[in-house]
Structures are given as structure tokens and as C-alpha cells.
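A.B. asks: The following comprises the amino acid sequence and a computationally predicted model.
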Amino acid sequence: MGLEYKCKECGIPLGFDGLCWKCRAKHHREDVDSWTTKQIEIKKQQVIEKLKTCQKDKFYATKECELFYDLLTRGIDCQDIAKIACEQEIYYPAELFYKADSTVRDILIEKLLLTKTSSEGSLLLSCLAMIGDKKAQDVLYELKLNPKPWRKGLYVDSNIYAEQGGWTFSANNEYIKLNFDKCFSFEQKKIKDKEGTFLIRKRGEKCPHCGCELVDMLVIDGHDKRFSFLGVDGIITASCCPNCITVSDGISCKFTLDGNSEILDYEGNNENYYSDKDIEDMANNNLVISEQEKPLFYGAFNDDVNTIGGFAYWIQDWEYRECPECGKKMKYLAQIHWDSIIRDGAEGTLFVEICPDCKIITMFHQQT
Ligand SMILES: [Zn+2]
Ligand SMILES: [Zn+2]
Ligand SMILES: [Zn+2]
């Protein structure tokens, strides 16, 4: 396919006449962000109508499901949608049940305990993960201890299902929170100096494996009151080799509150795919953290926006790493989509996780 066209807005080469996906995603997000209360009410009704009329297992493929995701990115309370989804026995996507009320929860629990199939069991586990209250936790815990016969048809245990909702439980059923209940996004702005919270700074040292410039991918100023929810009284610096990270199993670093970090040993790549100019361009990005807090699902349904906190847009399955120091599950901290910082078709996303106790960051790459 030749690239004989140009995006009408940003000018990048395209194989068709129109807007590139990034410009379209940007317009869509602006549109959703500007919906009025009345428009939101109408869209909610549209979703509800579809739930009532569509085939049980086909809702996820409808445009109303996209609408539902848009509503979540606006942080809209969707309890009445959950009620209808429950009545209609539509269990996918599980987000339909995010923070659903106790009546809905109890119906789902009853179904889960009666189901005979692993496919329905799997769906219901995910729905309860999204509800994520104490009773949902206790049921998942009980099923981990005393699995039903259909457990054999699942790949993972119920504590891993729970992670989808941003939490899990220990062997003694202690609740463990795996994501943060606040979210901020990065926005394009002209900036002069990098300060406070930002993406990509050259470290002035080279990777011992591939020779690529090492970078601080993400720096967060924990003193900024916007980030007090992280509970880190100082600076978080997430550092790695941007070239090796995409082929490694992940790279960890240990940061100190004064703004330094030490990259821990990692598996490297022999070949460096980045020129000095590429790294320079990355460091010259114009991404600035949003002034205002965003809804928790702001970055959860599309890869057009980098976020700190909230829910991630997992390319593959959700993944919470173990802290290399204490062995506990790390918390999901941020996502950086490569094509937001490197021009020209970079694929995949870098996920950043943190153990606040040990001051360890682990970053890893996912792509389709
Ligand atoms: Zn464009
Ligand atoms: Zn490297
Ligand atoms: Zn730790």
C-alpha cells in the first residue's frame, strides 16, 4: 500500500484520504470530554436499550459498548447499567459491573456458586473482581481455597482474576490494593524546561549491553500535592534502557527520594535500534501532566493517552509483577505508549509498576 495521502491535520503520510488514527482518537476524546449531562443521560439510555435487545454474548461488539467505555472514561456512575446487564445476564465486558451495588453483587455471587461451566465461571469471576468489595473478596478467596470442578478449565486462580479490578488478596485473605484511586494524564503542551513530573530525560550514560543512551522514562514529584496519593514523600525516578526494555522481561530500578535512581541488572539486547537523534527527540517530547485529576478509566480503553494512576489499557493480560526486593505484588503506576514519544509507527506500551515500601520500580513492555 502506497502512502500517497497525508493526514489532513498533522500531515503524516497515510494510505487513505482523511485523518490518522491519532488525530481521530484526539477528536473523539475531545468530543466525549465535552458531553453535557443531558447528552450523557441519552447515551446511557442508548447503552441500556442495547443491553435489553442484543444477543447476550454480542454486546461487547456493538457500538453501544464503545459508548459505555466512553461513559467510563468520563467517570460516570454506571450502577443502573450494571443492574440491566445483570438482568440480561450479560457478563462481558466485566467493567459493566464496576462498583455495582450489593443487590447485583449478590445475584452474581449466587450465579457463580451455581455455575457448572468454566466459561461462565470465568466471566463471573471477572465481574466480581470489578465490584471488588469485601463480600466479593471473600467469595473469590473461598473459591481459591475450595475450587469448583470448573476451575480446571481456567488458566489462573481467583486471586489473579481479582487483579483485573485493581486488587487481590493474600494467602490469609488480606486485601491488597494494586492500583491507585486517582488518575492524571499527559497532555501536549509547549514546554521550556522539564521540571516536576515529566517523561524522558537522558541520563548521560550508556547501556552496558547495547550502547543506547539510558533514560529516566518517568519522573514524578511526590511533593506535588496532585501526587500525594502515591504516598511517596519525594521524587520517583523510573529508569531503563529504552532499547533493551522492549526485548527484556522487564527492567527494575531502585530510586531515592532525592531524585536519583540505580538501574538493577537486566537482560540486554546486542543491537541498538535507536540513534542518538531518536533519544534526543524522545527527550524533547511536549507532554505535560494534566492540571486536573481524570476519571480512573480515562486511559483504560484506548492507547492514545499516557496516564499515571487509575486503570491501564493492557495490550495483553493484566500483569502485576513481584517486587524484586520484598517479593510482594507491585502496584500499577503508569503507562507510556511508545508512539506518543517516538514518531513513526512504534508499537506497544511500557507499563510502570512500583513497590513504595522498597522504592523499587519495574517497567515492562507489552505489544500485540
Ligand atoms: Zn494526524
Ligand atoms: Zn540497552
Ligand atoms: Zn518491595
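C.D. replies: Yep, that arrived. Ligands and ions are numbered 1, 2, ... in the order given.

A.B. asks: What about the residue nearest to Leu140 when sequence neighbours are not counted, how many residues nearby?
C.D. replies: Nearest in space to Leu140, with sequence neighbours left out and distances taken as C-beta to C-beta, 6 or more residues apart in numbering, is Ser158 at 4.1 Å. Bear in mind the C-beta positions are built from the backbone N, C-alpha and C, glycine included. Number of residues near Ser158 (other C-beta atoms under 10 Å) recorded here: 24.

A.B. asks: now Ser158: how far from ligand 3?
C.D. replies: Going from Ser158 to ligand 3 by C-beta to the ion, to the nearest Å gives 24 Å.

A.B. asks: pretty sure that residue is touching Leu143, no?
C.D. replies: Yes: the criterion here is C-beta atoms under 8 Å, and Ser158 meets it with Leu143 at 4.7 Å.

A.B. asks: residues shared between the contacts of these two?
C.D. replies: Common contacts of Ser158 and Leu143 (C-beta atoms under 8 Å, 6 or more residues apart in numbering): Leu125.

A.B. asks: if we can go back for a sec, report the separation between the residue nearest to Leu140 and Ser170.
C.D. replies: 13 Å (C-beta to C-beta, to the nearest Å).

A.B. asks: ok now do the most centrally placed residue in the chain, which residues does it touch?
C.D. replies: Residue closest to the average C-alpha location in the chain (C-alpha atoms, centre = their mean): Ala312, at 0.6 Å. Counting by C-beta under 8 Å, 6+ apart, Ala312 makes contact with 179, 299-300, 318, 332, 335, 351.

A.B. asks: give me the number of residues near the residue in the stretch 1-150 of the chain positioned nearest to ligand 3?
C.D. replies: Residue of the stretch 1-150 of the chain nearest ligand 3, by C-beta to the ion: Gln137 (22.4 Å). Using other C-beta under 10 Å, Gln137 is surrounded by 24 other residues.

A.B. asks: Make sure it is actually in contact with Phe169.
C.D. replies: Yes: Gln137 lies in contact with Phe169 (C-beta under 8 Å); the separation is 5.7 Å.

A.B. asks: Give me the common contacts of those two.
C.D. replies: Jointly contacting Gln137 and Phe169 under the rule C-beta under 8 Å, 6+ apart are 162, 175.

A.B. asks: which parts of this protein sit against ligand 3?
C.D. replies: 323, 325-326, 355, 358 (C-beta under 5 Å from the ion).

A.B. asks: Dump whichever strand or helix holds Leu333 to CSV, restricted to CA.
C.D. replies: Assignment of secondary structure by DSSP states H and E places Leu333 within strand 331-337. C-alpha atoms of strand 331-337 as CSV (Å, rounded to 0.1, in the frame of the first residue of the first chain):
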residue,chain,number,x,y,z
LYS,A,331,1.2,-1.6,42.2
TYR,A,332,0.4,-0.3,38.7
LEU,A,333,1.7,3.2,38.5
ALA,A,334,1.7,4.4,34.9
GLN,A,335,1.5,3.6,31.2
ILE,A,336,3.5,5.2,28.4
HIS,A,337,2.6,4.3,24.8
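
A.B. asks: Where does pLDDT dip in the stretch 251-368 of the chain?
C.D. replies: 344 (pLDDT under 70).

A.B. asks: Which parts of it are strands?
C.D. replies: Secondary structure of the stretch 251-368 of the chain, counting by DSSP state E, counting those that start in this stretch: strands at 251-255, 261-263, 287-289, 307-309, 331-337, 349-355, 360-366.

A.B. asks: among the ones you listed, which is the most enclosed?
C.D. replies: Mean neighbours per residue, mean count of other C-beta atoms under 10 Å, is largest over those for strand 307-309, with a mean of 26.

A.B. asks: hmm, who's touching that strand?
C.D. replies: So strand 307-309 is in contact with 179-186, 197, 218, 220, 227, 229-230, 289, 294, 296, 298-299, 333-335, going by C-beta under 8 Å, 6+ apart.

A.B. asks: can you check stretch 97-109 too?
C.D. replies: Residues outside stretch 97-109 that contact it (C-beta under 8 Å, 6+ apart): 72, 78-79, 82-83, 85-86, 91, 124, 127-128, 130-133, 135-136, 139, 165, 297.

A.B. asks: from the middle of its chain, how far away would that stretch be?
C.D. replies: Its chain's C-alpha centre and that of stretch 97-109 lie 23 Å apart, by C-alpha atoms, centre = their mean, to the nearest Å.

A.B. asks: got it, and stretch 80-91?
C.D. replies: That offset, for stretch 80-91, works out to 24 Å (C-alpha atoms, centre = their mean).

A.B. asks: which residues touch the closest residue to Lys206 other than its chain neighbours?
C.D. replies: Once flanking residues are discounted, Lys206 sits nearest to Glu213: 6.2 Å by C-beta to C-beta, 6+ apart. Going by C-beta under 8 Å, 6+ apart, Glu213 touches 202-207, 242, 274, 276, 279.

A.B. asks: rewinding a little: now the strands of the stretch 251-368 of the chain in a markdown table, please, with extra columns for distance to Lys50.
C.D. replies: Output for the strands of the stretch 251-368 of the chain, formatted as a markdown table (distance: least, C-beta to C-beta, whole Å):
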| stretch | distance to Lys50 |
| --- | --- |
| strand 251-255 | 43 |
| strand 261-263 | 48 |
| strand 287-289 | 36 |
| strand 307-309 | 28 |
| strand 331-337 | 29 |
| strand 349-355 | 29 |
| strand 360-366 | 30 |
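
A.B. asks: hmm, back to that, with the contacts of Glu213 in mind, which one is nearest to ligand 3?
C.D. replies: Distances from ligand 3 to the contacts of Glu213, taken as C-beta to the ion, are shortest for Arg203 (23.1 Å).

A.B. asks: That closest one and Phe255, how far apart?
C.D. replies: For Arg203, the distance to Phe255 - C-beta to C-beta - is 13 Å.
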